[in-house]
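Novice: mind looking at a prediction? Sequence and model below.
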Amino acid sequence: MLSLIINNVVIFAGIGGFLALLLVIADYFLANYGDCQIDINGKKKLTVKGGSSLLNSLAENNVFIPSACGGRGTCGLCKVKVKEGGGPLLPTERPYLDADELKNGVRLSCQVKVKEDIIISIPEALFSIRKFKGVVETIIDYTYDTKGLVIKLIEPAKIDFKAGQYIQLESKKYAKSKQVVSRAYSMANCPENNNVVELIIRRVPDGIMTTFVHDYLKKDDELYLTGPYGDFFIRDTDTDMIFVAGGSGMAPFKGIIEDLYKKESKQHIVYFFGARTTEDLFLVDEMKEYEKKMADFTFIPVISQPEKSPDWKGESGYIPPLLDKHIRDPKNTEGYLCGSPALIASTEKKMKELGIENVYYDSFG
Amino acid sequence: MKQTPNEKTIQERLKPGVITLDGFLGEDNRHYHDIINEDMEKLKSLNITKEDIADRMQYFTDLALMNNDEEAVIDDIYKVHYLTERGKIVSPFMDRGLIAKGSITLHNMQNDLKVCWTPLNISMIRNHGFFEGKGATHRLEPEILVKAIF
Ligand code: FES
């Protein structure tokens, strides 16, 4: 009796498994979704071959949605609003979507398969994003854990952007990292130097991309990037400006200051750059040069662990308590911040307390 | 071992090079279920829950965060340092929401134990009882962790 039951269970399990396998094989080889149409914002219609992810289908047609994980559903950056089509929400998408997004049909474009006509809506700015091929022109050692990268653009040879915006850099497969990932980095050059992309990349322990850049990337290596992205750029006003950066948060400000210098800005600008010790400081001489060359620019490097840098003669401690003596009129001052979440949170709080209403920060955090 | 598609995805996401370079399993070849089961048994023998541990880790994390990337001395016993990083990370268990990057180092000055965790560790312990595989970069041995933080 027992052996009969076992036999039956095995037979049914076998049949079930075989049918499931058949379905997978059929889907893989036979599923032909034909041509599907992607309607973007009611303005642009793409005809694509069905079966691929929405993210890839768009990228193949030069519409680049931000993504940092190579479409593996682990970064949550590739959100688009799907108004029609797209199939049911997958468990891999749920973690990234809040109640509002769920209600509004926001999906992860890397998880949505194009199997039918789809209507989506994306921010207009994404239409101007391009994919670039470049080569590593220079690698600079700024500090023991921070490198500068100058990438010469090959195809297209120029990038149009606003100082402070960011690109997404693609890694290559290496050692333990068996897939390509991409990560966001602010551009450190000014828009006048539009044939290169300069980046400042601090090593993140266990980071897939930063290990690639720090340990594997060499001069003349080919790289791919997409951009420009982001709304961290100087607003077109003539107010005073306070910049606060920590570590690789220097990058957008380097580009912004070069840009302001080239535009002969007369604005009152104070730039606080925070680092733990003098070993973590970089580009100080370059910034001090801008103090001499620009009408009203002050650069203040600040060390948070002065006990480890006994020869340090400059400012030390936290940046927020140093702000008020450099603010002339809070109502006529804008704050721009880029750095660790702790630095951004404490500085924004202090600026609001001091009466600065417009505080902008890089939202990678 | 029979796995649901979700469990397969999770096991995949725990491997090196998917979410982090070194992954979450270290040299531990076991399925994540087995790693969790063994650690949950350990917690039982220590008479503590994963929620108690996660709450305590969160307590130190929150206090250290307010100290602007500098070391904080808490309750005269613990030196805690939260090094924040830009960016967010997702849980390999596909829980809702993105988690801040960064690392928290705690030194218990009474018993001289030092432990280091990430905000993601707290989430994985609280929601899944996952302390990472043996030899993983942020593996937390429950017994040592409990001695260090309580
Ligand atoms: S590309 Fe990373 S989640 Fe979609």
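Specialist: Done, it's in.
Novice: okay, helices next: where are they in chain B?
Specialist: Taking DSSP state H, the helices of chain B run over residues B:5-13, B:32-46, B:50-65, B:119-128, B:142-149.
Novice: comparing those helices, which comes out most buried?
Specialist: Among the helices of chain B, the stretch with the highest mean neighbour count (mean count of other C-beta atoms under 10 Å in any protein chain shown) is helix B:119-128, at a mean of 22. Every C-beta, even on glycine, is put in place using the N, C-alpha and C of the backbone.
Novice: got the angle between that helix and helix B:50-65?
Specialist: 160 degrees (axes from the mean of the first three to the mean of the last three C-alpha atoms, to 10 degrees).
Novice: before we move on, back to that, weakest of the helices of chain B by average pLDDT?
Specialist: Here the lowest mean pLDDT among the helices of chain B goes to helix B:5-13, at a mean of 89.
Novice: quick one: is that one near the ligand?
Specialist: No - contact between helix B:5-13 and the ligand is absent, the nearest approach being 11.8 Å (criterion: C-beta under 6 Å from any ligand atom).
Novice: contact partners of that helix?
Specialist: For helix B:5-13, contacts defined as C-beta atoms under 8 Å, 6 or more residues apart in numbering or on different chains pick out A:74, A:91, A:92, B:3, B:18, B:19, B:31, B:32, B:33, B:92, B:93, B:94.
Novice: up against chain B, what does chain A have?
Specialist: Proximity of chain A to chain B, by C-beta under 8 Å from any C-beta of the partner chain, involves residues A:72, A:74-76, A:91-92, A:94-96, A:176-179, A:204-208, A:211, A:246, A:248-249, A:276, A:304-305, A:318, A:339-343, A:346, A:362, A:364-365.
Novice: quick revisit: most neighbours, which of the contacts of helix B:5-13?
Specialist: Compared across the contacts of helix B:5-13, residue B:92 has the highest neighbour count, 25 neighbours, by other C-beta atoms under 10 Å in any protein chain shown.
Novice: now stretch B:24-40, how far from the centre of its chain.
Specialist: 13 Å (C-alpha atoms, centre = their mean, to the nearest Å).
Novice: contact residues of the stretch 51-200 of chain A facing the ligand?
Specialist: So far as C-beta under 6 Å from any ligand atom goes, the stretch 51-200 of chain A lies against the ligand at A:55, A:67-69, A:71, A:73-78, A:108, A:110.
Novice: can you select the buried ones among the residues of chain A next to chain B for me in ChimeraX?
Specialist: The following ChimeraX line selects those of the residues of chain A next to chain B that are buried, judged by 16 or more other C-beta atoms under 10 Å in any protein chain shown:
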select /A:72,74,75,76,92,95,96,177,204,205,206,207,208,211,246,248,249,276,304,305,318,339,340,341,342,343,346,362,364,365
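Novice: and the nearest residue to residue B:114 once chain neighbours are set aside, how far from the ligand?
Specialist: Distances taken as C-beta to C-beta, 6 or more residues apart in numbering or on different chains put residue B:107 closest to residue B:114, at 4.9 Å, once the chain neighbours are dropped. For residue B:107, the distance to the ligand equals 36 Å [C-beta to the nearest ligand atom, to the nearest Å].
Novice: give the contact list for residue B:107.
Specialist: So residue B:107 contacts B:78, B:79, B:80, B:113, B:114 (C-beta under 8 Å, 6+ apart).
Novice: so how many other residues sit close to residue B:27?
Specialist: 9.
Novice: how many other residues sit next to residue A:329?
Specialist: 11.
Novice: residue contacts, it?
Specialist: residue A:240.
Novice: pLDDT wise, what is the closest residue to residue A:322 other than its chain neighbours at?
Specialist: In this structure, residue A:322 finds its nearest non-sequential neighbour in residue A:315, 6.0 Å apart by C-beta to C-beta, 6+ apart. Listed pLDDT for residue A:315 reads 95.
Novice: and if you look at the one 3 residues further on?
Specialist: With respect to pLDDT, residue A:318 has a value of 90.
Novice: not counting its neighbours along the chain, what's nearest the residue nearest the centre of chain B?
Specialist: For chain B, residue B:121 is the residue whose C-alpha lies nearest the centre (C-alpha atoms, centre = their mean; 2.3 Å). Among residues not flanking residue B:121 along the chain, residue B:138 sits closest, at 5.6 Å (C-beta to C-beta, 6+ apart).
Novice: what parts of chain B come near the ligand?
Specialist: Residues of chain B lying near the ligand (C-beta under 6 Å from any ligand atom): none found.
Novice: how much space separates the residue nearest to residue B:114 from residue B:71?
Specialist: 9 Å (C-beta to C-beta, to the nearest Å).
Novice: tell me how many other residues surround residue B:47.
Specialist: Per other C-beta under 10 Å, the neighbour tally for residue B:47 reads 8.
Novice: how near is it to residue A:338?
Specialist: To residue A:338, residue B:47 is 47 Å away according to C-beta to C-beta.
Novice: ends of stretch A:113-129, what's the gap?
Specialist: 22 Å (C-alpha to C-alpha, to the nearest Å).
Novice: what is the mean pLDDT for that stretch?
Specialist: Throughout stretch A:113-129, pLDDT has a mean value of 93.
Novice: show me the contact partners of that stretch.
Specialist: Against stretch A:113-129 from outside (C-beta under 8 Å, 6+ apart): A:31, A:33, A:36-42, A:44, A:48, A:50-54, A:57, A:63-65, A:80-87, A:109, A:112, A:160, A:226-229.
Novice: just the buried ones from those residues?
Specialist: The buried subset of the contacts of stretch A:113-129 - by 16+ other C-beta under 10 Å - is A:36, A:38-40, A:48, A:50-54, A:57, A:63-65, A:80, A:82, A:85-86, A:109, A:112, A:226-229.
Novice: partners of the longest strand along chain B in the sheet?
Specialist: Ranked by number of residues, the top strand in chain B under DSSP state E is strand B:78-90. Applying DSSP bridges to the sheet, strand B:78-90 is found paired with strand B:72-74 (antiparallel), strand B:98-108 (antiparallel).
Novice: list the buried residues of the lengthiest strand in chain A.
Specialist: Across chain A, the longest stretch assigned as strand under DSSP E is strand A:130-143. Buried residues in strand A:130-143, counting neighbours by 16+ other C-beta under 10 Å, are found at A:130, A:132, A:134, A:136, A:139, A:142, A:143.
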